[in-house]
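Trainee: Sequence first, predicted coordinates after that:
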Amino acid sequence: MENREKFKVVLVGAGFISGIHAEALKQNKNIEIVAIVDFNIELATSLANKFKVPHVFEDINKAINTIEFDVAHVLVPPNYHYDLCKILLNANKNILVEKPISETVEEAEELITLAKEKNCLLAVNQNFIFHPAFIKAKRLIKQGTIGQIKSIHLTYEMPLRQLDLGLFSHWMFRQPVNILLEQAVHPVSQLFSLIGQPQNEIKCLSSTPKYLLDRLPFTSRVDIIGKAKVPFHLSFAMGQEYPVWQFKIIGVDGIINVDMPTNKVVCSTKSRFLPALDVATTSLFEGGTIIKQGIKELLGYSTAISGISRRKDTFYLGMLESFNAYYNALSNGSVPEHNATFGRDIIKFCHKIANEGFQPSETKETPITNITEEYDVLVIGGSGFIGKKVVQQLLDANFSIGVMARNINALPAFFYHEKISLLQGNVRNKKDVEKAVINAKFVINLAHGGGGGSWEDIKAAMVGSAKLVADACKESNIERLVHVSSIASLYLGDNKETITAKTTVDKKSEFRADYSRAKAVADEMLLKEYSGLDLVLLRPGIVVGEGGLVNHTGIGFFNNSQHFIGWNMGNNPLPFVLVEDVASGIISSLTAKNITGQAFNLVGDVTPSAREFVELMSERLERPFKFHPQPTRWLYSQEFGKWLIKKISGRKVASPKMRDFLSRGMLAKFDNSIEKERLNWSPVSDNQEFAKRAIDVHK
């Protein structure tokens with residue numbers, strides 16, 4: 001970075017992307033992050049503590065009126081971009097905003113005009129035009145390696161985690177065009193950077209829209225053909241299993257192939273040899289290029305993860321170069337490529353695709369949220385995977401229900417039944433919890449409170465939220481609190497032990513991962529400190545079924561959705577349980593007699609091993625899933641080696657715990673006879689029925 005001026009920066013928003021911004025900005029001695037702004041003050045404080053930022057604010061106006069700063073990074077959801085940018089520009093602040101610049105072209109135009117009036121630099125973080133592979137391809141084009149460009153073929157077909165998880169409250173699902181503004185802006189920014197904007201009309205062919213939750217139209221695929229400086233074809237699709245993000249840049253004298261996920265650039269040109277030999281030499285050259293790039297990536301990954309060098313993943317490097325370009329422009333008074341006009345042109349193109357290419361669809365109105373004064377059962381965290389099944393079964397049983405969740409938008413239709421009250425609230429907020437609990441007879445707590453970067457953060461979230469709910473239930477004299485924990489709070493690494501309802505939490509939880517440790521501490525705290533409260537503790541096993549993920553971490557860990565890396569050799573039975581059976585166990589525990597102060601493990605009767613389950617998945621879903629067994633001690637030694645290298649290089653990281661790795665393998669057996677008797681619980685015992693509900697629902 002060339003700038004010599006010192007800039008004071010505020011990060012507006014404290015979500016995941018904010019951590020990336022903070023990490024990258026901290027590398028530059030000419031930049032000082034002076035504040036984090038987010039309405040979730042706990043989240044903002046956690047981020048500020050991690051990066052040693054002195055100020056935290058809940059509101060941008062408080063920041064403007066309290067401290068001096070030069071630049072704001074606007075990192076909130078897109079529907080807030082326009083309002084926040086307008087406030088900041090009126091306060092004469094420079095802005096780097098996450099894409100898209102705004103929701104509409106009109107809003108973007110207004111912001112561009114205001115930025116000019118205030119003499120502020122407004123730019124959009126189009127970081128993928130700074131991706132290493134893309135920069136290399138542009139360099140080859142500039143050098144004339146393939147001659148004059150004739151055409152460009154760009155394929156962007158990527159997975160979409162929010163779609164897989166059913167997180168339909170996300171902004172990208174609210175309007176059909178939003179998926180383009182959220183995702184298509186990446187390849188479109190690269191297309192514009194290469195050949196400029198389309199000069200004529202475009203032709204589009206899109207898939208038939210499907211309706212999420214029966215009312216949100218979603219178009220997953222569209223092909224766009226047009227011409228800018230040269231003809232182009234953009235194939236855009238979301239929700240795909242295998243990630244494909246590739247360019248084929250065809251020139252008069254050769255072809256450049258760019259693969260973004262693997263950071264590979266291969267240039268094919270003619271050699272001086274005769275055709276037969278030309279094929280051989282060209283192939284050898286291309287193969288050598290790929291090998292060289294692969295070795296470079298491996299070395300970069302190895303040195304970065306060990307702490308020997310700084311982070312070198314391509315996403316991070318693209319972000320870093322985007323920031324450098326912005327601050328260099330700010331220093332020397334120039335206009336960066338990713339300026340506001342560039343951002344406006346991209347969203348204009350996205351709206352054009354939606355208007356001309358998307359098939360007509362009807363956006364149906366969201367049902368009105370019900371709020372009543374009282375309800376039989378309050379379900380905290382009722383919009384999640386297990387919560388949806390609990391609410392559905394409670395409704396079928398004719399209970400009146402209160403559902404408290406952080407986000408109560410875009411829920412399945414049955415949530416808007418007249419017997420359900422939707423309450424927006426945070427389980428870590430005392431007022432929210434008390435307001436929801438006071439109107440209930442029974443309370444089911446499915447929320448774990450979130451997490452954090454350190455043990456103290458995780459403890460505060462998970463143990464603190466459990467205590468808040470229990471205190472509110474005690475104060476309101478509710479009839480029963482059902483706290484839903486996890487078998488992760490138990491030690492499961494002894495193959496000679498049989499886990500029953502009488503098994504206590506892991507007494508050596510300090511040698512476990514933070515999540516498991518927090519679960520154990522919360523369970524023990526509840527059972528010891530709330531003996532005067534009618535409390536029942538439930539610990540589900542590996543929960544599978546409709547609405548969940550097919551690649552469950554209880555089976556193994558994975559770097560992608562196809563390969564399961566085993567916690568052990570994968571031969572021992574695993575404590576699976578269907579989500580419907582967990583819900584029925586939770587509801588049975590509301591009124592079961594003589595179970596106060598007791599803990600129960602919700603583990604089903606069908607318990608295939610990791611190997612068997614993955615084989616079953618592959619067979620029934622007709623997908624090439626693979627289980628890779630490995631000895632637990634070998635897995636631990638790998639993690640210990642990584643930790644040792646980091647430690648030697650001076651990084652402060654927690655050491656891996658052998659006890660935790662053993663417990664993840666879940667060698668212990670379960671006996672659920674007490675649960676069946678006390679809760680009158682009957683989990684599915686038929687293998688075919690289990691497979692149908694656990695696996696076939698993912699077809």
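Mentor: Received the coordinates, thanks.

Trainee: C-alpha only now, for contacts and for neighbours.
Mentor: OK.

Trainee: Now for N571, which secondary structure element holds it?
Mentor: Assigned by DSSP states H and E, N571 belongs to neither a helix nor a strand.

Trainee: Test for you: state the pLDDT assigned to it.
Mentor: On pLDDT, N571 comes in at 96.

Trainee: out of everything not next to it in sequence, what's closest to it?
Mentor: In space, and not counting its chain neighbours, N571 is closest to S609: 5.4 Å by CA to CA, 6 or more residues apart in numbering.

Trainee: what about that neighbour, neighbour count?
Mentor: Counted with other CA atoms under 10 Å, the neighbours of S609 add up to 18.

Trainee: what's the answer for E510, then?
Mentor: Neighbourhood size, E510 [other CA under 10 Å]: 16.

Trainee: hmm, back to that, who's in contact with the residue nearest to N571?
Mentor: S609 makes contact with G570, N571, N572, P573, L574, according to CA atoms under 8 Å, 6 or more residues apart in numbering.

Trainee: Assess the claim that the fourth one and A610 are in contact.
Mentor: To tie it back to what came earlier, the one meant is P573. Yes: applying CA atoms under 8 Å, one finds P573 in contact with A610, separated by 7.4 Å.

Trainee: Who has more neighbours out of the two?
Mentor: Using other CA under 10 Å as the criterion, P573 and A610 rank with A610 on top: 27 against 20.

Trainee: So, low pLDDT: which residues of the stretch 451-600 of the chain?
Mentor: Residue ranges of the stretch 451-600 of the chain with pLDDT under 70: 451-453.

Trainee: in it, which spans are strands?
Mentor: Along the stretch 451-600 of the chain, counting by DSSP state E, counting those that start in this stretch, strands occupy 480-484, 498-499, 535-540, 542-544, 563-565, 576-578, 598-602.

Trainee: how about those, which one is nearest Y327?
Mentor: For the strands of the stretch 451-600 of the chain, proximity to Y327 was assessed by CA to CA; strand 563-565 is nearest, at 41.4 Å.

Trainee: I would like the residues contacting that closest one, please.
Mentor: Applying CA under 8 Å, 6+ apart, the contact partners of strand 563-565 are N551, I555, G556, F557, F558, F625, K626, F627, H628, P629, Q630.

Trainee: which residues touch the closest residue to the first one other than its chain neighbours?
Mentor: By that I understand N551. Distance criterion CA to CA, 6+ apart; nearest residue to N551, sequence neighbours excluded, is S561 at 6.2 Å. Listed by CA under 8 Å, 6+ apart, the contact set of S561 reads E241, N551, F625.

Trainee: now that we have the residues you listed, which one has the most neighbours?
Mentor: Neighbour tally across the contacts of S561 (other CA under 10 Å): the maximum, 19 neighbours, falls on N551.

Trainee: just for the chain, where's the confidence low?
Mentor: Short version for the chain, where the test is pLDDT under 70: 1-4, 271-311, 363-366, 368-370, 372, 451-453, 649-651.

Trainee: If you rank the contacts of strand 563-565 by neighbours, which is first?
Mentor: Comparing the contacts of strand 563-565 by number of neighbours (other CA under 10 Å), I555 comes first, having 26 neighbours.

Trainee: need the next SSE after the host helix or strand of H351, C-terminal direction.
Mentor: Here H351, judged by DSSP H and E, is contained in helix 340-357. Sequence order places strand 375-380 as the next helix or strand after helix 340-357, per DSSP H and E.

Trainee: Could you list the residues in contact with that following strand?
Mentor: By CA under 8 Å, 6+ apart, the surrounding residues in contact with strand 375-380 are 387, 391, 399-405, 421, 427, 436-437, 439-447.

Trainee: ok, back up a step: turn the contacts of strand 563-565 into CSV, columns for distance to T504.
Mentor: Shown next, in CSV, are the contacts of strand 563-565 (distance: CA to CA, whole Å):
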residue, distance to T504
N551, 29
I555, 23
G556, 25
F557, 26
F558, 30
F625, 36
K626, 35
F627, 32
H628, 32
P629, 30
Q630, 29
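
Trainee: And the furthest pair within the residues you listed?
Mentor: N551 and Q630, at 17.8 Å, using CA to CA across the contacts of strand 563-565.

Trainee: How far does the helix holding H351 sit from its chain's centre?
Mentor: How far helix 340-357 lies from its chain's middle: 26 Å, per CA atoms, centre = their mean, to the nearest Å.

Trainee: mind checking which helix or strand W634 is in?
Mentor: Short version, using DSSP H and E: W634 is in helix 632-648.

Trainee: In space, what's closest to S485 - neighbours in sequence excluded?
Mentor: If the residues on either side of it in the chain are set aside, S485 comes closest to R539, at 4.8 Å by CA to CA, 6+ apart.
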